[in-house]
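**Student:** pasting the structure only:
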């Protein structure tokens, strides 16, 4: 006569107090069983599921008809998401208990729900609730299954109509119940990519590699997304091997002969070293070394661009993000590329080589999500200053200053300088008066002055005003200190700047003095002209050189 489960437990408890143990089927335990069961229970409680599975397996070998051992092993299998093994053990439980161990039915229903097998889950729940009336857990699971089934259909429909936000929202809702449904993971992955959510896509791809036996192409897709396109977190560059490198290592662990994964491993390892070096140089503010390392036909920036292109173009099927699949568009999503561009842009700015850095600053601003980059706007502003594009420079520095929360004194200083130069350009420009570039050297300025003075003199078709303007321009540009002030947007001759007392032209004893005072005998003014005879035309002029 078969003992009921409850009676078995009562008898087992009574006999255990006397050192006698009873199996689930009512038979006496074989020697050595209980230590294995005790060890399995301890491992199960400690979350050491692999050890628990091993212990219960050894116990089953000693007592193959004890369904409680199968149930406990199934519980450990389920904790490791080994669904098929757990289902097999639950089936064994039902067989050995002649269908009376009802909890196994409920556990099977939970597994089927996790896998999104709605029909099978409902079937198990129906069998369970027929025997166990009013079970609240079963009612909750049935409700969750119904909701998940509806939201899964909605996610599919949204995907077909390209409603990516709705698709990911409904897929996420379904995954609360169907956590192990691979089709659903792929659906949310695709919708996440089309809405530009790289982080969600990487998370789903990573989960898929754990739920399936991943292919080489799946590993390479995951490594490409996580390395080249995933937003960087603080300290994620150069501090440790990248997660993408770990991904290709997993690929090689599964298939040591995989040439694509071996190649990807070599490339990523080399790139990790390059980024670590770039970050180290940036932290040391070694701007010259950064330029030497990153720029040029053999620089690390080009090496990274080539690796990015090769990685993206090597994916099959082709990668598509936000409806874009061309390499140029996908490259603009790369946060690592943006990082290198920012470092190079800033380095050139710090080295006062804004012209050379301008292309990198401009490219950075065109990268997805980097249109407000502070370093890029500063570099762009300095490049505008070099080209005497004052209004554009002011706009760039204003954007940079706003981006800093209007707190950067360095950017504020650059902005104020650009504003002064803009104001200055609307008044007078000594460089234009002499017809020289802003970076002209002393010799060029002197030569230009001599030429301008000849044509500006009233006797040569000029006027007193023109001659005064030429003299004024030369006196500022030939004096390093005054020229520096002017280059910073501070006109030494602008009375509103209060740079000199008494007002008027600071180079004359009286405001508005004689503009030809430089032509008096003795040349006390320091003019390069000295009078050598009669009036202009009959006079000879000797140009004396300035030591």
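**Tutor:** Here it is on my side, so go on. Note that the structure is a prediction, hence the values are computed from the model and not measured.
**Student:** got the phi/psi numbers for the residue sitting nearest the centre point of the chain?
**Tutor:** Nearest to the geometric centre of the chain sits residue 231, at 2.6 Å (Cα atoms, centre = their mean). Backbone torsions for residue 231, taken as degrees, to the nearest 10, come to phi -60, psi 140.
**Student:** Quick one: the helices in the stretch 401-547 of the chain, in order.
**Tutor:** Along the stretch 401-547 of the chain, counting by DSSP state H, counting those that start in this stretch, helices occupy 409-425, 430-434, 442-456, 464-477, 480-487.
**Student:** residues of the shortest one that come out buried?
**Tutor:** Just to be clear, that refers to helix 430-434. For helix 430-434, a neighbour-count test (16 or more other Cβ atoms under 10 Å) marks 430, 431, 433, 434 as buried. Quick note: C-beta positions are derived from backbone N, CA and C, even for glycine.
**Student:** for the residue nearest to the last one when sequence neighbours are not counted, what are its contacts?
**Tutor:** For residue 434, ignoring the flanking residues on the chain, the nearest one in space by Cβ to Cβ, 6 or more residues apart in numbering is residue 448 at 4.3 Å. Listed by Cβ atoms under 8 Å, 6 or more residues apart in numbering, the contact partners of residue 448 are 434, 435, 436, 440.
**Student:** quick one: the last one and residue 95, what's the gap?
**Tutor:** Going back to what we said before, that points to residue 440. Distance, residue 440 to residue 95, by Cβ to Cβ, to the nearest Å: 97 Å.
**Student:** before we move on, what about the third one?
**Tutor:** Taking Cβ to Cβ as the measure, residue 436 falls 99 Å from residue 95.
**Student:** What about residue 324? Give its phi and psi, please.
**Tutor:** In terms of degrees, to the nearest 10, the main-chain angles of residue 324 are phi -110, psi 130.
**Student:** dump the residue contacts of the residue nearest to it when sequence neighbours are not counted.
**Tutor:** Distance criterion Cβ to Cβ, 6+ apart; nearest residue to residue 324, sequence neighbours excluded, is residue 330 at 6.5 Å. Contacts for residue 330 (Cβ under 8 Å, 6+ apart) come out as 229, 312, 319, 321, 324.
**Student:** Do I have it right that the first one meets residue 335?
**Tutor:** Yes - under the contact definition of Cβ atoms under 8 Å, residue 229 touches residue 335, with a separation of 7.3 Å.
**Student:** With adjacent residues omitted, what lies nearest to residue 206?
**Tutor:** Spatial nearest neighbour of residue 206, chain neighbours left out: residue 222 (6.5 Å); criterion: Cβ to Cβ, 6+ apart.
**Student:** which SS class is the one you found?
**Tutor:** Under DSSP: H, G, I helix; E, B strand; the rest coil, residue 222 falls in the helix class.
**Student:** Hmm, residue 209 and it touching each other?
**Tutor:** Yes - using Cβ under 8 Å, residue 222 makes contact with residue 209 at a distance of 6.6 Å.
**Student:** Compare the two (neighbour count), which wins?
**Tutor:** Taking neighbours as other Cβ atoms under 10 Å, residue 222 and residue 209 compare with residue 222 leading, 24 against 17.
**Student:** What confidence value was assigned to that one?
**Tutor:** Residue 222 is assigned 97 on the pLDDT scale.
**Student:** Enumerate every residue touching it.
**Tutor:** Neighbouring residues of residue 222 by Cβ under 8 Å, 6+ apart: 202, 205, 206, 209, 244, 247.
**Student:** Quick check: the last one touching residue 226?
**Tutor:** Right, the one you point to is residue 247. Yes - contact criterion Cβ under 8 Å: residue 247 and residue 226 qualify, at 6.7 Å.
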